[in-house]
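In: Sharing a sequence plus its predicted fold:
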Amino acid sequence: MGEELENMKKIGVLTSGGDAPGMNAAIRAVVRTAIYKGMKVYGIRRGFQGLMHGDIDQMDAASVGEILHRGGTILNTARAEAFKTEEGIQKALTVLKVFGIEGLVVIGGDGSFRGARDLSQRGFPTIGIPGTIDNDIVCTEVTIGFDTAVNTVLEAINKIRDTVASHERTNIIEVMGRHSGEIAIATAIAGGAEGIIIPEVPVDIDLLCKRIIEGRNRGKTSSIIILAEGAGKAMELEEIIEKRTGMETRATVLGYLQRGGSPSAADIILASRMGYHAVELLENNIGNRVVISKNNKIMDEDINKALAMPSKFNEELFELAMVLSI
Ligand code: F6P
C-alpha cells in the first residue's frame, strides 16, 4: 500500500503582475481559510521577486483585517524578469525550503501563472488565482478586478458624456487592455458608446467616421468612442477623426486609475470564493491548478492546459456593442 501524504501545514501567498481590485480579498480568504484549517500561512512581498529574496512574513487573521475595501495589494506586486531564469526559479525553491513552505498560492494574470507552472513543474505544488482587470484569462469566465475596473471606466464615461454633450464633440476614451478588448467591449455596451476599437478586430477608420457622420445626420450631437490601448493611441486618433468627420474631437486616456479603487461586491465575493478553493486544493497536496469560475461555480483547471488555451474574443458581446452603437 502506498504511503498517504499528510495534509499540507504551511503555505505561502503572493500577488504578481499588475494589481487588481479584489486581490486583497483573495489574500484575506487564503490567510483566513488556511488558519481555519490549522495551517500556517506566509505572505510573500513583491511577487516572485520577493520570493527569490526571502521577503516573507508569517500572517495571522489580524494581518488581513481592514483590507477588504482597499484596492491594490497589501503584499505589493512586481513583474520579476529574474524569475524567468532557471537560476531564479532555483533560488525561489531554496527560499521556500528554508521557510518550510510546502505549497503556494499565486494571485495574478497569465504571466504569473507561468511562474506558478514553473514551480509546479519542479515538484512544488502551486495554485494560480486569476487576478487581473483585463479579464483575458481564457480558462475562467471572469477574473478578479474586471468588474470593478469596468465600473470605474463606466463612471468616467458618464462624466465625459456630460462635457461631450455640452460641447457637441466626439471624445475617444482609451481604456486598458494591451492584448484584450474585454474592458472596451463591456464599457462600450454599459456606457452606450458610439464606436469601439479593440485589438482583436482590425480597425476600419473610414467606417467609424462614416458612422459618426451618419449619427450626426440623424441628429446625434456628440459621440463617444471606446479604444482599447492595444488597438491604438487616442491622441493620434483624435486628429484623424476630427479631420475626417469635421467634428471637434478630444482624447481621454484613463490609464492607471482603472486599476485602483474599492473593489465591487462581485469582485470581493469572487476573490473570497477563489481564495478558499485554492487553500482546499493545497490542503490536499494538489498543485499545478488554476482556480476558475464557470457558470458561477468555482472550480479548477490544469495550469498547462489553462496556459495553452488560445486567446478568446467575445465576438457576441462585440457584435452587440456594434449593433447598439448606431
Ligand atoms: O494587465 C493589466 C494591465 O493593467 C494592462 O491592462 C496594462 O496594459 C498593463 O497592465 C500595464 O502594465 P504596467 O503596470 O506594467 O504598466
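Out: On my side now, so go ahead.
In: Is there a neighbour count for the residue nearest to Arg70 when sequence neighbours are not counted? I'd like the number.
Out: Leaving aside its chain neighbours, Arg70 sits nearest to Asn24 (5.4 Å; criterion: C-beta to C-beta, 6 or more residues apart in numbering). All C-beta atoms are positioned from the backbone trio N, CA, C, and that covers glycine. Look at Asn24: counted by other C-beta atoms under 10 Å, it has 27 neighbours.
In: ok but Asn24 is inside a helix, no?
Out: Yes: the assignment for Asn24 by DSSP: H, G, I helix; E, B strand; the rest coil puts it in a helix.
In: ok, it - contacts?
Out: Counting by C-beta atoms under 8 Å, 6 or more residues apart in numbering, Asn24 touches 64, 67-68, 70-74, 263, 271.
In: rerun that using 7 Å as the cut-off
Out: Asn24 makes contact with 67-68, 70, 73-74 under the criterion C-beta atoms under 7 Å, 6 or more residues apart in numbering.
In: where's it relative to the ligand, distance?
Out: Per C-beta to the nearest ligand atom, to the nearest Å, Asn24 is found 17 Å from the ligand.
In: In terms of pLDDT, where does that residue sit?
Out: Looking at Asn24, its pLDDT stands at 98.
In: same question, Met1
Out: At Met1, the predicted lDDT confidence score is 49.
In: just for the stretch 151-300 of the chain, where's the confidence low?
Out: The model of the stretch 151-300 of the chain has no residue with pLDDT under 70.
In: can you give me the strands in it?
Out: Shown for the stretch 151-300 of the chain, the strands assigned by DSSP state E, counting those that start in this stretch span residues 170-175, 195-197, 223-228, 249-253, 289-294, 297-302.
In: Give me the helices and strands touching the third one, please.
Out: Under the contact definition 3 or more C-beta pairs under 7 Å, 6 or more residues apart in numbering; DSSP states H and E, strand 223-228 sits against helix 146-167, strand 170-175, helix 182-190, strand 195-197.
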